[in-house]
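K.L.:
for reference, the sequence and a predicted model appear below.
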Amino acid sequence: MSNETISALAKFIAEKILKQPGKVISPDETLISSGLIDSFSLMDLALFIEDTFNVRIEDTELNADTFDNLNQLASLIASRK
Amino acid sequence: MTTLPNLLQRSYQEVPEKTSIILQHAGQPDKPLTYRDLIHGANRFALTYARAGIKPGEVIILIQQHGEDLIYSFWGAILHGAIPSIMPFLTEKLAPEKYRADLSSLISITKPTTIVTYPEFEAEVRSALVEGDSVRNVILANSIEADAEPNFETLQGFKSSPEDIAVLQHSSGTTGLQKGVALSHRAVFNQLDAYGKTIRLDPASDFIVSWLPLYHDMGFIACFLLPVLMRIPLVDMSPFDWVRAPYKLHQSVSQYKGTLTWLPNFAYNFCAHKIRERNLEGVNLSSWRAIINCSEPVHVESHDLFFEKFSAYGLKQSALQTCYAMAENVFAVTQSPLDGIPTVDEIDRETFMTQRLATPPIAGQPSMKMTSSGNPLPNTKIRIVDESFNDLPNRSVGEIAVQSDCMLTEYFNRPDATESAIKNGWYLTGDYGYMANGELYVSGRKKDLIIVGGKNVYPQDLESLTNEVPGVHAGRTVAFGMYDEEEGTEEVVIIAEADSTDPLEQEAIADAIRKHVTKSSAIALRHVKVVDDKWIIKTSSGKTARSANKEKFLKELS
């Protein structure tokens, strides 16, 4: 389950946010503090998560303290299910 | 003619209980600040500045998060007669060493004696200081003088004269060459007076709602000085909260019957694409009388997207307006008349491109739509000039020159920059445009500047960052902006020649460029193309020809 979540997130981020469909994002690669995902794209990620996994990430949670890599994001999603 | 402290005092005496600013923070209840709160909070900082021995006329740099301390430390400097300048703080993604280098460079040019910041950021600020620089005080917002009744007899700001510099507004220049736009009390009031009349500002009914940062002229003047000085209530949310929950702007307009908002062009697209209906339940936008598009090139398609999305919630089409503004004129230069929708001028593309003339479209030929920025403010004159400073006729594209009674005094400590920007009393904007029927159409830029989501970046800075990446053929890089219709703003493209021709290695270099530029600049870089030797076009003098390389890039894409 977690692996599926991670690969779905990685695919979305590479294709829609980074616009580099072939890019491989490793599960422990930093996303926010590295600037890979900029603040303007955080909303897109939140909307994607809501539509795909049917869980809500609050706007106040969209920061590196809540999640900064795919592993952390996947656990956050799992904990909301 | 009055001064900023005088006007504050008057508001304190006449309307102490009136709400001036409603501060919003995500996850917290709204916090209203009255004029009494504002002046008491400011007085605490003014007393602190006096105790620290800061003299009127000295520059105080404010590096604070969105919130009360920023507001009070700013107005405290005004009450003390010091010159405040609000600077951005370090964001998550920016490399601290880059921030430090910029701050050190700013200090070396502007020579502030004081920096006000918050405790968590003190170490960062101190690390930018060097032996022998101008900074004598680092004041922390949590260790200031106790509250006391303001003594208008002893507060030093009351000795200021209208010609004195009231504030410094740092406009972005290339790295190491920041420019502090020095604005006098007189300039500020002349702008607020002229602009207030143009937009028919009414303290009895207007309510400004803003998420704009205060270190940018649009946020600083239109959504901070103007409301506080003109007694228009303001809802002020943090840009960091807005970007994560853009619907909060709409909810606040609905809740407070907001009438006025200023936005950069990309924000229209951002709101239209990213706000969900469930966040708009019960929202009523019919009070919004002007949403003014400013600080980025205006695209009428962005207005259309915004209107389509929000008309169901009572948004009036006539609310979508445009403005052309710059810190050097305090703020607005032109404003579209608020009683209609901005004029769209359809012109022939070929004539515009080849002859720099805006002529009517020809049937069967490609045309382009230009959105009017409106008419000059009553106190502001515009000329369109050629390279020898000769006036050009209507519908001819040239550089926009501005003259008014609200122009900058100077670029602070930068006589060289002041001299090259102001010619015979006219400020040369570096923007291209044309006039038609008394309205200004801004069509491009003389200077190599890319505006990304309202932030100015210089291609030469991005190119030198790219040159620092290992594997990049030094000096063989080019950066340019490309308009992205979906986002409603420009996106940066960087092309770099690599020593290696191996595709895998080139991809790794592209990634390294993305990372390095993102960490060291204001933008999040996406589009990087690493190419073989000799791809990049240089001029005969060896300079990089940005527009020729952009054309080549676009041709290869299509």
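P.N.:
Perfect, I can see it now.

K.L.:
contacting residues for the residue in the stretch 401-550 of chain B positioned nearest to chain A?
P.N.:
Checking the stretch 401-550 of chain B residue by residue against chain A with CB to the nearest CB singles out B:A524 as nearest, at 3.4 Å. Placement of C-beta: from N, CA and C, glycine included. With CB atoms under 8 Å, 6 or more residues apart in numbering or on different chains as the criterion, the residues that contact B:A524 are A:G35, A:L36, A:I37, A:D38, A:F40, A:S41, B:K93, B:T518.

K.L.:
and if you look at B:S134?
P.N.:
Residues in contact with B:S134 (CB under 8 Å, 6+ apart) are B:I107, B:K111, B:P112, B:T113.

K.L.:
out of those residues, which one sits closest to B:P233?
P.N.:
Here the nearest of the contacts of B:S134 to B:P233, counting by CB to CB, is B:P112; it sits at 31.4 Å.

K.L.:
ok, the residue located most distally from the centre of chain A to B:T334 distance?
P.N.:
Of all residues in chain A, A:G22 has its C-alpha farthest from the mean position, at 16.7 Å, by CA atoms, centre = their mean. If you measure A:G22 against B:T334 using CB to CB, to the nearest Å, the figure is 46 Å.

K.L.:
if we can go back for a sec, which of the contacts of B:S134 count as buried?
P.N.:
Under a neighbour-count criterion of 16 or more other CB atoms under 10 Å in any protein chain shown, the subset of the contacts of B:S134 counted as buried comprises B:I107, B:P112, B:T113.

K.L.:
which of these fall in helices?
P.N.:
Applying DSSP state H to these, the entries found in helices are B:I107.

K.L.:
give the buried residues for the longest helix along chain A.
P.N.:
Longest helix in chain A, counting residues (DSSP H): helix A:39-53. If you call a residue buried by 16+ other CB under 10 Å, then helix A:39-53 has these buried ones: A:S39, A:F40, A:S41, A:L42, A:M43, A:D44, A:L45, A:A46, A:F48, A:I49, A:F53.

K.L.:
please apply the same query to stretch A:65-81.
P.N.:
In stretch A:65-81, counting by 16+ other CB under 10 Å, buried: A:F67, A:D68, A:N69, A:L70, A:N71, A:Q72, A:L73, A:A74, A:L76, A:I77.

K.L.:
where does the fifth one land in three-state SS?
P.N.:
For A:N71, the assignment made with DSSP: H, G, I helix; E, B strand; the rest coil gives helix.

K.L.:
and it, how far from A:R56?
P.N.:
As for A:N71, its distance to A:R56 is 20 Å (criterion: CB to CB).

K.L.:
just give the nearest non-adjacent residue to residue 75, would you?
P.N.:
No chain in the question, so chain A it is. Computed as CB to CB, 6 or more residues apart in numbering or on different chains, the closest residue to A:S75 that is not its neighbour in sequence is A:S2, at 7.6 Å.

K.L.:
try again with chain B
P.N.:
Distances taken as CB to CB, 6+ apart place B:A42 nearest to B:W75, at 3.5 Å, with adjacent residues excluded.

K.L.:
which residues are in contact with that neighbour?
P.N.:
Under the criterion of CB under 8 Å, 6+ apart, the contact list for B:A42 reads B:L8, B:I71, B:Y72, B:F74, B:W75, B:G76, B:I78, B:L79, B:P150.

K.L.:
mind checking which of those residues land in helices?
P.N.:
Members of these lying in helices (criterion: DSSP H): B:L8, B:I71, B:Y72, B:F74, B:W75, B:G76, B:I78, B:L79.

K.L.:
would TSV of these with neighbour count and pLDDT be doable?
P.N.:
Putting the ones in helices among the contacts of B:A42 into TSV (neighbours: other CB atoms under 10 Å in any protein chain shown; pLDDT from 0 to 100) gives the following:
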residue	neighbour count	pLDDT
B:L8	24	97
B:I71	25	98
B:Y72	25	98
B:F74	24	98
B:W75	23	98
B:G76	31	98
B:I78	26	98
B:L79	25	98
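
K.L.:
beta-bridge partners for B:G433, please?
P.N.:
B:G398, B:V442 (DSSP bridges).

K.L.:
contacting residues for it?
P.N.:
B:S373, B:I384, B:V397, B:G398, B:I400, B:L440, B:Y441, B:V442, B:S443, B:G444.

K.L.:
contacting residues around the closest residue in space to the third one that isn't next to it in sequence?
P.N.:
If the residues on either side of it in the chain are set aside, B:V397 comes closest to B:R356, at 4.1 Å by CB to CB, 6+ apart. With contacts defined as CB under 8 Å, 6+ apart, B:R356 is in contact with B:S396, B:V397, B:G398.

K.L.:
got the phi and psi for B:G180?
P.N.:
In this entry, B:G180 is assigned phi and psi values of phi -100, psi 110 (degrees, to the nearest 10).

K.L.:
do the same with B:K423
P.N.:
Dihedral angles phi and psi of B:K423 (degrees, to the nearest 10) take the values phi -120, psi 120.

K.L.:
who does it form a beta bridge with?
P.N.:
Taking DSSP bridges as the rule, B:K423 bridges to B:W426.

K.L.:
is it correct that it is in contact with B:S388?
P.N.:
No - in this structure, B:K423 is not within contact of B:S388 by CB atoms under 8 Å, at 11.0 Å.
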